[in-house]
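**Q** What follows is a predicted structure for the sequence shown.
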Amino acid sequence: MNFPGRHLRRLPILGAIAGALIVPAALAASPGNDPAALVKIRDAAMTSDYAWQRTEDMTDLIGPRLSGSPGAAAAVTQVAEAMRKLGAKVTLQPVKVPHWVRGIETGELVDYTGRPAGITQRIVLTALGGSGATPVEGLVAPVLVLNSFEELKARSAEVKGKIVLFDVAFDQHMADRGLAGPAYGAGSNYRRNGPRLAAELGAVGALVRSVGGAAYRLPHTGSSGLSDDARIPAAAVTAEDAMLMARLAKRGPVKLKLVLTPKNLPDAASFNVIADLPGTEKPEEIVIVSGHLDSWDLSPGAHDDAAAVASAMAVFDVLKKLDYRPRRTIRFIAWMNEENGMRGASTYLAAEQANTARHFGAIESDNGVGRPFGLRASVTPQSVKLFAPLQAALQPIGAGVFQRQDVLATGDLAGLERAGVPSFAPIVDTANYFDIHHTPADTLDKVDPDSLRRNVALMAATAWYLANMEQPIGRSSVPAP
């Protein structure tokens, strides 16, 4: 992919960038973490529409941004140019990414007990990332409905030659009570591992009940976890159609015609977009503020993760408007390929392996931009009290909660966290996030402008606070997986 060289520079080694920057002596002294400075950052964010404008640009002008696609390439250029306009030092870090292309995808119930003559029923489904393909004309096979991995094991002798359906409902009751993450984790376990396990037992196809909340007959895509040695056709079906097949299976045998024609193409060239706001006193120390640039191909990914990338971009806009310069370097990263490979994160970690000790902290937003309540952080127990001034500044917008955890394992930051870099993630309202997650409905109109501004305020104040802390917060201590 080609990008305008006059706008963008590629630097081979990022670890030395911050340390090599020359900071003009004429720069005004940083106000540091004076409470008044934090209030000004918060209030500037709450009166800015910069993040909304960047989200609108990414979603309306580009649309879907699956890694390897023209949309992903356009987003790299768009975001890099926007960051350069803010005066940031922009670097494109090359990343080789998976290039999976969705083809035709249809499902049709062609036989079941009690079927009237001449009647078939359409099933609403969408291929999972990395799915294998059926023959062009499709395949017809019996459906085996299962409700757990334990049942898969118990009925393993029945799997060969079947299309296995994992009918496991998303627990909306958990999501409604602030536990959307664990609810999603339980469901996505079947999406990631179910097709692989079914393939190992001889299944000719695999279906999973969509991992999401509201039942509006929307299929939710996501990664399948399939590998080249057993890449069977795999798709997510709507909750309604999973329940339909389960009911019909109680009456007797069910046969499905499945047509999936995706392609796994050779890896494509792409980039992480990295932009630095140099520190005035400790430019060699880095605070990351980030989101992931890619989305699935069904929608523009407004919540996942365009608005979060825009919120991270807006940190630089807020500080520029205030003419605030941090003591440490604040580094914006728009990660590439979080959705189906994490190649951007692994590439960055490999490049920075010798410099992780210089990373003071890292923030990533990847749970949508619902109303924020505060932060989760993998800091030491002793350092929690150091964040009281930040909490005080964020309390007036309802974002003063601070939850310490041993491990966040937050997407693109997981490798850095294992290397000792403390991680931070916004705590946001996710009660309805998984209604639209990985579906065609994740569009700009679902983003609330006021909540978006509050997310910017949270991320900007946190990035600034980390970049100006006097006391060390200690290294994260996360065991290797």
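**A** Yep, that arrived.

**Q** what are the ranges of the helices in the chain?
**A** 17-20, 35-46, 50-56, 70-85, 149-154, 172-176, 180-200, 239-251, 307-322, 343-351, 388-394, 414-418, 433-436, 449-468 (DSSP state H).

**Q** Determine which of these approaches Gln403 most closely.
**A** Closest to Gln403 of the helices of the chain, according to C-beta to C-beta: helix 388-394, at 11.1 Å. Quick note: C-beta positions are derived from backbone N, CA and C, even for glycine.

**Q** Okay, buried residues for the closest one please.
**A** Residues of helix 388-394 classed as buried: Leu390, Gln391, Ala393, Leu394 (neighbour count, 16 or more other C-beta atoms under 10 Å).

**Q** Other residues contacting that helix?
**A** 33, 35, 38-39, 41-42, 374, 400-402, 457-458, 461-462, 465 (C-beta atoms under 8 Å, 6 or more residues apart in numbering).

**Q** How far off centre is it?
**A** 27 Å (C-alpha atoms, centre = their mean, to the nearest Å).

**Q** returning to what we had before: could you tell me the least trusted of the helices of the chain?
**A** Per-stretch mean pLDDT for the helices of the chain is lowest at helix 17-20 (a mean of 37).

**Q** Which one of the contacts of helix 388-394 is nearest to Pro70?
**A** Leu458 (32.7 Å).

**Q** Against Glu470, how distant is the closest residue to Thr106 other than its chain neighbours?
**A** Distances taken as C-beta to C-beta, 6 or more residues apart in numbering place Val259 nearest to Thr106, at 4.6 Å, with adjacent residues excluded. Distance of Val259 to Glu470, computed by C-beta to C-beta, to the nearest Å: 62 Å.

**Q** OK, contacts around Val254?
**A** Applying C-beta under 8 Å, 6+ apart, the residues contacting Val254 are Leu109, Asp111, Tyr112, Pro142, Val143, Val145, Met245, Leu248.

**Q** rerun at 7 Å
**A** Leu109, Tyr112, Pro142, Val143, Met245, Leu248 (C-beta atoms under 7 Å, 6 or more residues apart in numbering).

**Q** now those: which count as buried?
**A** In these, the ones that pass as buried (16+ other C-beta under 10 Å) are Leu109, Tyr112, Val143, Met245, Leu248.

**Q** Could you measure from the third one over to Gly107?
**A** Applying C-beta to C-beta, the value for Val143 to Gly107 is 10 Å.

**Q** Identify the contacts common to the two.
**A** With C-beta under 7 Å, 6+ apart as the test, Val143 and Gly107 both reach Leu256.

**Q** re the thing from before, on the pLDDT front, check the residue nearest to Thr106 for me.
**A** 98.

**Q** So it sits against Val140, correct?
**A** No: in this structure, Val259 is not within contact of Val140 by C-beta atoms under 7 Å, at 10.2 Å.

**Q** Lys446 and Ala302 touch, don't they?
**A** Yes: the criterion here is C-beta under 7 Å, and Lys446 meets it with Ala302 at 5.9 Å.

**Q** and these two? which has more neighbours close in?
**A** Ala302 (26 against 18; other C-beta atoms under 10 Å).

**Q** Out of the contacts of Val254, which comes closest to Gly185?
**A** Of all those, Met245 has the smallest distance to Gly185: 24.4 Å, by C-beta to C-beta.

**Q** Can you name the residues that contact the residue nearest the centre of the chain?
**A** Centroid-nearest residue in the chain: Asp366, 4.7 Å away (criterion: C-alpha atoms, centre = their mean). Shown in contact with Asp366 (C-beta under 7 Å, 6+ apart): Gly291, His292, Asp305, Ala308, Thr410, Gly411.

**Q** 8 Å - rerun?
**A** Contacts of Asp366 (C-beta under 8 Å, 6+ apart): Gly291, His292, Asp304, Asp305, Ala308, Glu338, Thr410, Gly411, Asp412, Ala425.

**Q** count of residues packed around the fourth one?
**A** Other residues near Asp305 come to 32 when the count uses other C-beta under 10 Å.

**Q** The chain should start at 45 in everything you say after this.
**A** Understood, numbering begins at 45; the last thing we discussed is Asp349.

**Q** My guess is it contacts Ser409. True?
**A** Yes: shown here, Asp349 and Ser409 form a contact pair, counting by C-beta atoms under 8 Å, at 7.3 Å.

**Q** so what's in contact with the two at the same time?
**A** Contacts common to Asp349 and Ser409, judged by C-beta under 8 Å, 6+ apart, are Gly335.
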